[in-house]
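>>> after the sequence you'll find the predicted model.
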Amino acid sequence: MNSVYGLMAEFETPAALAGATRRAYGAGYRRMDAYTPFPVEEVIEALGVHSDRVNLVTLVGGIMGGLSAYLLQYWINTIAYPLNIGGKPYHSWPAFIIVTFEMTILFAGTAAVFGMLALNGLPMPHHPVFNVPGFEGASRDRFFLCIESDDPSFDLSGTRSFLDELSPLRVVEVPN
């Protein structure tokens, strides 16, 4: 196991961080993350984060909820306990719509919440970047780019010299 989580560069402005992130992505680094006190759209685009996995998890959850609600009602009304009430057919699908809709929404919302938590790796009470002195500036006025050591292009001395070329305020090793 690596004793270094990665290398972190500190920048003073969001524009400097966005430019550095674009250059790092262009240099082949893919396992990196940026830490900012507020959302910076240019940085998100430069990181190459284009994931629709939460949307897919939500869709699958909604489909499963709708199907399970409809099939449960169908099984109850036509197979398990068929009751002829007022001459209606056993499979009276208009009566199933409300429960099916509600279960679709319930399953989709629940899948979205738990999918988002799982895909973001939460809950995570501790992260290695919290050990970097001065990292608390990420919640005030500083901008950080961390290239992780498990990136295929990562080489401690080569990545350090690459980050130094980006004119950061400082470059520090993030202990694991």
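Ah, there it is.

>>> which stretches of the protein have low pLDDT?
Residue ranges of the chain with pLDDT under 70: 1-2.

>>> ok, the residue nearest the centre of it to residue 127 distance?
By C-alpha atoms, centre = their mean, the chain has its centre lying nearest to residue 120, at 4.1 Å. Note on residue 120: its distance to residue 127, by C-beta to C-beta, to the nearest Å, is 12 Å. Quick note: C-beta positions are derived from backbone N, CA and C, even for glycine.

>>> in the sheet, who's paired with residue 9?
When bridges are called by DSSP bridges, residue 9 pairs up with residue 145, residue 171.

>>> so who does it touch?
20, 144-146, 163, 166, 168, 170-171 (C-beta atoms under 8 Å, 6 or more residues apart in numbering).

>>> which of these are buried?
20, 144-146, 163, 166, 168, 171 (16 or more other C-beta atoms under 10 Å).

>>> closest to residue 3 out of those residues?
residue 146 (15.7 Å; C-beta to C-beta).

>>> for this protein, just list every one of the strands.
Under the criterion DSSP state E, the chain contains strands at 4-11, 32-35, 143-148, 170-175.

>>> the residue lying closest to residue 30 once chain neighbours are set aside: neighbour count?
Closest residue to residue 30 apart from its sequence neighbours, by C-beta to C-beta, 6 or more residues apart in numbering: residue 151 at 6.1 Å. Other residues lying near residue 151 total 16 when counted by other C-beta atoms under 10 Å.

>>> wouldn't residue 151 be in contact with residue 32 here?
Yes - proximity of residue 151 to residue 32 meets the contact threshold set by C-beta atoms under 8 Å, at 6.9 Å.

>>> please enumerate the shared neighbours of the two.
If you check residue 151 and residue 32 against C-beta under 8 Å, 6+ apart, the residues they both contact are residue 6.

>>> how about the contacts made by the residue nearest to residue 30?
Taking C-beta under 8 Å, 6+ apart as the test, what residue 151 contacts is 6, 29-32.

>>> in terms of residue numbering, what are the domains of this protein?
In terms of domains, the chain is parsed into 4-51+130-175, 53-119 (source: automatic domain parsing).

>>> from the ones you listed, which stretch is densest packed?
Stretch with highest mean neighbour count among the domains of the chain: domain 4-51+130-175 (a mean of 17; mean count of other C-beta atoms under 10 Å).

>>> any idea how far apart the tips of that domain sit?
One end of domain 4-51+130-175 sits 5 Å from the other (C-alpha to C-alpha, to the nearest Å).

>>> what's the spacing between that domain and its chain's center?
18 Å (C-alpha atoms, centre = their mean, to the nearest Å).
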